[in-house]
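> Have a look at this prediction, sequence included:
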Amino acid sequence: MNATLPATFAALLLLAGARASPARAQDSGIGIATGSKPAAAQVEDLEGNVVDLALYVGRKPVLLEFWATWCPICEGLEPKLRAAHAKYGKDVEFLVIAVGVSQTPRSIRRHLEKRPMPGRVLFDAKGTAVRAYQVPTTSFIAVLDAGGVVRYTGTGSDQDIEAAIRRALER
């Protein structure tokens, strides 16, 4: 996604993509290229505090899921994320990046009371992480190795998250 696109247009693209096909091939060349390093991005925690993703990237492997409370594909990914978090949560940082489309920190907190997510949930109100990772849709996952290099990207509910994490841990 072009970094110069207005945030509203980028949000509409995310919304349209989430309602499209329920699964896309893994490492299909969508989003940020594998082998690259993402641009710096700042998001917010659910209390509105600025969080620089650089605090996490480049220290140990990181899994980022670009997620929304209203995304049925994201919901389909939850069991795989929970299993991967239970197995690799000590070795891999799990970040759930809530996109700024049709949700607010308040609506996200209400959702999480009923359905907690594995890992830390952050809010990308301005779309900076969406642009940095060239996110095409919700359910997009990027896995980075300990050096901050993208080792996997994918969308859809059929992603092999554990294989993606193993790939990042091998580096």
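All right, it came through fine. Residues are numbered from 1 along each chain as shown.

> which residues does the residue lying closest to Ser107 once chain neighbours are set aside contact?
Of all residues not flanking Ser107 in the chain, Thr69 sits nearest, at 6.2 Å (CB to CB, 6 or more residues apart in numbering). C-beta: built from backbone N, CA, C; applies to glycine. Applying CB atoms under 8 Å, 6 or more residues apart in numbering to Thr69 gives the contacts Ala98, Gln103, Ser107, Ile108, His111.

> Pull the CA coordinates from stretch 152-171 and hand them back as PDB.
Taking C-alpha atoms only, stretch 152-171 is exported to PDB below (Å, rounded to 0.1, in the frame of the first residue of the first chain):
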ATOM      1  CA  TYR A 152       6.600 -14.500   6.700                       C
ATOM      2  CA  THR A 153       3.500 -12.700   5.500                       C
ATOM      3  CA  GLY A 154       0.100 -14.100   4.900                       C
ATOM      4  CA  THR A 155      -3.700 -13.600   5.200                       C
ATOM      5  CA  GLY A 156      -6.700 -15.800   5.800                       C
ATOM      6  CA  SER A 157      -7.700 -18.300   8.400                       C
ATOM      7  CA  ASP A 158      -5.700 -21.200   7.000                       C
ATOM      8  CA  GLN A 159      -2.300 -19.800   7.800                       C
ATOM      9  CA  ASP A 160       0.300 -22.200   9.300                       C
ATOM     10  CA  ILE A 161       1.300 -19.800  12.100                       C
ATOM     11  CA  GLU A 162       3.600 -22.300  13.800                       C
ATOM     12  CA  ALA A 163       5.600 -23.000  10.700                       C
ATOM     13  CA  ALA A 164       6.000 -19.200  10.200                       C
ATOM     14  CA  ILE A 165       7.300 -18.900  13.800                       C
ATOM     15  CA  ARG A 166       9.700 -21.800  13.400                       C
ATOM     16  CA  ARG A 167      11.100 -20.100  10.300                       C
ATOM     17  CA  ALA A 168      11.700 -16.900  12.300                       C
ATOM     18  CA  LEU A 169      13.300 -18.800  15.200                       C
ATOM     19  CA  GLU A 170      15.700 -20.600  12.800                       C
ATOM     20  CA  ARG A 171      17.400 -17.300  11.800                       C
END
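
> longest helix anywhere in the chain?
Using DSSP state H, we find that the single longest helix of the chain is helix 72-88.

> From the contact counts, what lies against that one?
For helix 72-88, the packing partners by 3 or more CB pairs under 8 Å, 6 or more residues apart in numbering; DSSP states H and E come out as strand 62-67, strand 93-99, helix 161-170.

> could I get these as CSV with distance to Met117 and mean pLDDT?
Formatted as CSV, these follow (distance: least, CB to CB, whole Å; pLDDT from 0 to 100):
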stretch, distance to Met117, mean pLDDT
strand 62-67, 7, 97
strand 93-99, 5, 97
helix 161-170, 14, 94
